[in-house]
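Asker: Structure, please.
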Amino acid sequence: MKELIPQERIERRILVIRGQKVMLDRDIAELYGVTTAQLTRQVRRNIDRFPEDFMFQLTKEELTDLMCQIGTSSWGGTRKLPYAFTEQGVAMLSGILRSKRAVYVNIAIMRAFVRLKQILATHKELAEKLKELEGEVGKHNKLIMEIFEIIKQLTPAPMPPIKPKRQIGFRQDPKWAYKG
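Answerer: Residues are numbered from 1 along each chain as shown. Coordinates of the predicted model:
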């Protein structure tokens, strides 16, 4: 089946809250094509499937910070604190939302989480390689400085240039110069 939702659209909705990659209930509900109230009602009916490492409710401070980051207006919108679902929580949603669309959306969300993990792993590997190179360059810089010091010690100190003394006399004085 053709992809229902572009991968980038899903990836933009994955946030980091409390050090975990999560999606908010309103974003998941929109992707599934249901209201947030319907989604949370199904979650509450099956609350034993959602321990804290699968789903948690945001605090007022977290919601305020989130609204500032995203640029959401405080006027209107949500009246209740939203729920944040981790990757495992989103996977668990597939067990309680059983429409065909929910299945395909859930697969797309799982792929987005996997892709983000791959991107983060790549960034981590690059950071480690850069750190290694930095150490190597640091070692080389020290060696180059040592070589310069040895070269300075082996070469004699340069003699200061000798300035000729200026003699003022008949022939060098410009006012006595021949103008022929």
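
Asker: Show me the shaky parts of this protein.
Answerer: Counting by pLDDT under 70, the ranges of the chain that qualify are 1-4, 69-78, 138, 157-159, 164-180.

Asker: go with 50
Answerer: 1, 75 (pLDDT under 50).

Asker: same for the host helix or strand of Ala127, what does it pack against?
Answerer: For Ala127, the host element (DSSP states H and E) is helix 100-154. Here helix 100-154 touches helix 7-11, strand 20-24, helix 25-32, helix 87-96, going by 3 or more C-beta pairs under 8 Å, 6 or more residues apart in numbering; DSSP states H and E. Every C-beta, even on glycine, is put in place using the N, C-alpha and C of the backbone.

Asker: quick one, that helix and strand 20-24 angle?
Answerer: Counting by axes from the mean of the first three to the mean of the last three C-alpha atoms, to 10 degrees, helix 100-154 lies at 150 degrees to strand 20-24.

Asker: Counting neighbours, what do you get for the nearest residue to Val43 once chain neighbours are set aside?
Answerer: Nearest residue to Val43 in three dimensions, chain neighbours excluded: Phe50, at 6.1 Å (C-beta to C-beta, 6 or more residues apart in numbering). Neighbour count of Phe50, defined by other C-beta atoms under 10 Å: 20.

Asker: That'll do, ta.
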